[in-house]
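**Student:** Prediction below, plus the sequence it came from.
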Amino acid sequence: MGNYQEIFDRSIKDPAGFWGEAAGAIDWYKKWDKVLDDSNVPFYRWFTGGELNTCYNAIDRHVERGRADQVAIIYDSPVTNTIQKFTYAELLDMTAGFAGGLRKLGVGKGDTVIIYMPMIPQAVVAMLACARLGAVHSVVFGGFAPHELAIRIDDAKPKVIITASGALEGVRILEYKPMLDRAIELAKHKPQNCVIFQRQFVKAAMHKDRDHDWMTLASASEPAECVPVKATDPLYILYTSGTTGVPKGIVRDNGGHAVALRWSLENIYDTKPGEVFWAASDVGWVVGHSYIVYGPLLTGCTTVIYEGKPVGTPNPGAFWRVISQHGVKALFTAPTAFRAIKREDPVGEHIKKYDLSGFKYLFLAGERLDPDTYHWAHDRLKRPVIDHWWQTETGWPITANSIGIEHFPVKPGSSTKPVPGFDVQILDTEGKVLGPKQEGLVTIKLPLPPGTLPTLWNADERFLQSYINTFPGYYFTADGGYKDEDGYVYVMGRVDDVINVAGHRLSTGEMEEIISTHPDVAECAVIGVGDNLKGQLPVGFAVLKAGAKKSPEEIRTELAKLIRGEIGPIACYKETAVVARLPKTRSGKILRGTMRKIADGEEFKVPSTIDDPAILGEIEEALKGVGYAKQKKDYLVL
Ligand code: COA
Ligand code: AMP
């Protein structure tokens, strides 16, 4: 424990001194020349000249220093009825062996590898094996459809793709291999080799000249040693939704990332080497990268890989069972998981069945933690429930109750204070810094701390346009919010076309691009509307071409199928309202924000630039037709 204000102030006034010290917790082959390299602003770089290997820091050094027999990974899979534990020594064998297999396929420093896998230990081994070789991994979430995978294949141009034969979603078997085959068919870039981990319940058909069986490959290869890489070399690319159909490839470097995550485990999460940390997320998301894989392993903790859901596998007591069975100290998940549990077990009967005495903290992120969910969790668990805010781009929390430093009183609705390293400022649209309680755009004054994105994959200009050019000297988060007089930050939601569905980030712009390809659709808009379970759900509006013969019901079904096929089930796209026209400004801009407010029953001002206010009444009727629009409004121009 320390004094937050002192630590925070130092991190801002002397970032090089602060992070240079934190870097002592990482093993380096070569020390850096400069902690903070500002020779090419705004492209700041951390630890230039330094050399390390992230896999060495996550596995080998723990084996060398007394943790060989400590459990590194607990694989808990209620869907396959499996619990397996792997010590650090075993994880080293598996990773070095598999890295040897990848090396045999020609993978080396700087090559890219796509990993499209369910929540099994092999997904973690694949990531670490790439890191071991200095290769750049890009994990694609299993809930994405072939089209999304193909976009990522074309952007990352992987030498090898690693997948598993399938996954279980509840009792449903999902075959991954046909999706991979289809994605490769769709993509222009064709990987030379694929590696498939065969699961017992579903066998993948193999392409003779391209596909390799994981087990055969690993057992026939010499284990690979760690390859030193530059601190500034990329460790991974993680694609995330932007405002268009082309996802952004967030780049993470090796050095800054290792330093920041190692620091965050103790200072934000109060979790020390040897303790059990569980992030109930998926390796396909940034939470999975940072807090299932790298953060806990860099720290020498035990991490849990959970292949199940908060409910239904088999009941809403699943999380409590895992916590008590494996001695979890801190759980990290998304508020939506708690809303799912609350819905099935409102009084918390299942919580009482388990010994949770070792469980100290619940961390929630991925979407706004609504005060109801906060109170429900806090009242039943009777331990700190910590909301913290971050993004794929930052890779670790921007604001949090940094409980390893100082425990602040909670204000429900706020993710507490900026984490050391993040100089959070609220600006108005002109770039003026706003005072307490004034709502505006949330930004972070440059430089961002280590571990955050240095740029976008092969897209420096897009990096500048998306994050820097709006307010030079600041990173623009695209979230709106405010600070209160005590410096607590309240993040209220995105101000762009990104929505958050069950903690998953999706682009309404991309959905619109896909809907526009339907032959009967003349024009469309997609908005995210409030949902009690998933936070937000996408709802579409379609204006049909003259002469289109299909019924609204047919259009609704076809568009749901189209989005599911192109983006994947994870988009949760079901509802489309067929309308005669869309509300627009006189200059032709669709008033998506106003439509969203109508759907959510929020107060709003009818924009004075609106073409025809009467359309808002039609939109309300259409929304009611698909089960939204909570209260009647009088649509007068104010
Ligand atoms: N592979 C393939 N399909 C997947 C998938 C995966 N890895 N994950 C989800 N899907 C599918 C689901 O089966 C579902 O398909 P369906 O429409 O055929 O039923 C669809 O995608 C939507 O999934 P989801 O939004 O997860 O809904 P759900 O009803 O299955 O579960 C919750 C709801 C709240 C339990 C679940 O969303 C959850 O646990 N969320 C936690 C979020 C999280 O971990 N976020 C990461 C950031 S911290
Ligand atoms: P992702 O990149 O998928 O992690 O999504 C990042 C976005 O999720 C942020 O820009 C926010 O809009 C939202 N988000 C994440 N965590 C929080 C939180 N604790 N409070 C409010 N919004 C959050």
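**Tutor:** That came through, no problem. Ligands and ions are numbered 1, 2, ... in the order given.
**Student:** The residue in the stretch 51-200 of the chain positioned nearest to ligand 2 - nearest residue in space that isn't next to it in sequence?
**Tutor:** When scored by CB to the nearest ligand atom, the stretch 51-200 of the chain has Phe141 as its residue closest to ligand 2, at 10.5 Å. (Each C-beta comes from the backbone N, C-alpha and C, glycine too.) The shortest distance from Phe141 to any non-neighbouring residue, by CB to CB, 6 or more residues apart in numbering, is to Gly284 (2.8 Å).
**Student:** Leu238 now?
**Tutor:** Ile250 (4.9 Å).
**Student:** any idea how far the helix or strand that neighbour falls within is from the chain center?
**Tutor:** For Ile250, the host element (DSSP states H and E) is strand 248-253. Centre-to-centre, strand 248-253 and its host chain are 12 Å apart (CA atoms, centre = their mean, to the nearest Å).
**Student:** now swap in stretch 123-136 and tell me
**Tutor:** Counting by CA atoms, centre = their mean, stretch 123-136 comes out at 19 Å from the chain centroid.
**Student:** Can you name every helix or strand that the helix ranked longest in the chain contacts?
**Tutor:** Ranked by number of residues, the top helix in the chain under DSSP state H is helix 88-104. Applying 3 or more CB pairs under 8 Å, 6 or more residues apart in numbering; DSSP states H and E, we find helix 88-104 packed against strand 71-77, helix 121-133, helix 214-219.
**Student:** The very next helix or strand once past it vs helix 121-133, what angle?
**Tutor:** Proceeding N to C from helix 88-104, the next assigned helix or strand is strand 112-116, under DSSP H and E. Angle of strand 112-116 versus helix 121-133, following axes from the mean of the first three to the mean of the last three CA atoms, to 10 degrees, is 170 degrees.
**Student:** Average the pLDDT values over strand 112-116 and round to the nearest integer.
**Tutor:** In this model, strand 112-116 has a mean pLDDT of 98.
**Student:** Give the pairing partners of that strand; include direction for each.
**Tutor:** Strand 112-116 pairs in its sheet with strand 136-139 (parallel), strand 160-164 (parallel), by DSSP bridges.
**Student:** how about the first one, does it reach ligand 2?
**Tutor:** No: contact between strand 136-139 and ligand 2, assessed by CB under 6 Å from any ligand atom, is absent, since the two come no nearer than 13.5 Å.
**Student:** ok, how many other residues are close to the residue nearest to Gly348 when sequence neighbours are not counted?
**Tutor:** Of all residues beyond its chain neighbours, the one nearest Gly348 is Arg380 (3.9 Å), with distances taken as CB to CB, 6+ apart. Neighbour count of Arg380, defined by other CB atoms under 10 Å: 20.
**Student:** Tell me which residue of the chain is furthest from the middle?
**Tutor:** Gly547 (42.5 Å; CA atoms, centre = their mean).
**Student:** Enumerate every residue touching that residue.
**Tutor:** For Gly547, no contacting residues are found, by CB atoms under 8 Å, 6 or more residues apart in numbering.
**Student:** Tell me the pLDDT of it.
**Tutor:** Value listed for Gly547 in the pLDDT field: 91.
**Student:** now swap in Tyr374 and tell me
**Tutor:** 96.
**Student:** That one: what secondary structure?
**Tutor:** helix (DSSP: H, G, I helix; E, B strand; the rest coil).
**Student:** Touching, it and Pro384? I think so.
**Tutor:** No: Tyr374 lies out of contact with Pro384 (CB atoms under 8 Å); the separation is 11.0 Å.
**Student:** Looking at those two, which is more packed in?
**Tutor:** Per other CB under 10 Å, whichever of Tyr374 and Pro384 has more neighbours is Tyr374, with 21 against 16.
**Student:** just to revisit the earlier point, Trp389 versus the residue nearest to Leu238, what's the distance?
**Tutor:** For Ile250, the distance to Trp389 equals 17 Å [CB to CB, to the nearest Å].
**Student:** repeat for Cys572
**Tutor:** 23 Å.
**Student:** Between the two, which has more neighbouring residues?
**Tutor:** Legend: neighbour count by other CB under 10 Å for Cys572 and Trp389, higher for Trp389 (28 against 21).
**Student:** Identify the spatial nearest neighbour of the closest residue to ligand 2 within the stretch 401-550 of the chain, chain neighbours not counted.
**Tutor:** Taking CB to the nearest ligand atom as the measure, the point where the stretch 401-550 of the chain comes nearest ligand 2 is Arg505, at 3.4 Å. Of all residues beyond its chain neighbours, the one nearest Arg505 is Ser241 (4.9 Å), with distances taken as CB to CB, 6+ apart.
**Student:** tell me the contacts of that neighbour?
**Tutor:** 247-248, 498, 505-507, 510.
**Student:** What is the burial count for Leu238?
**Tutor:** The burial count for Leu238: 27, using other CB under 10 Å.
**Student:** Sorry, slip of the keys, the one I care about is Gly2.
**Tutor:** Using other CB under 10 Å as the criterion, Gly2 is surrounded by 11 other residues.
**Student:** And the pLDDT at it?
**Tutor:** Looking at Gly2, its pLDDT reads 72.
**Student:** What of the one 5 residues further on?
**Tutor:** According to the per-residue confidence, Ile7 scores 98 in pLDDT.
**Student:** Quick check: chain neighbours aside, which residue is closest to it?
**Tutor:** Pro420 is the one closest to Ile7 (CB to CB, 6+ apart), at 5.3 Å.
**Student:** and the one you found, how far is that from Asp479?
**Tutor:** Per CB to CB, Pro420 is found 20 Å from Asp479.
**Student:** Of those two, give the one with the bigger neighbour count.
**Tutor:** When neighbours are counted by other CB under 10 Å, Pro420 and Asp479 differ, and Pro420 comes out ahead with 25 against 20.
**Student:** The more buried one is in contact with Phe18, isn't it?
**Tutor:** Yes: taking CB under 8 Å as the definition, Pro420 is a contact partner of Phe18 at 7.2 Å.
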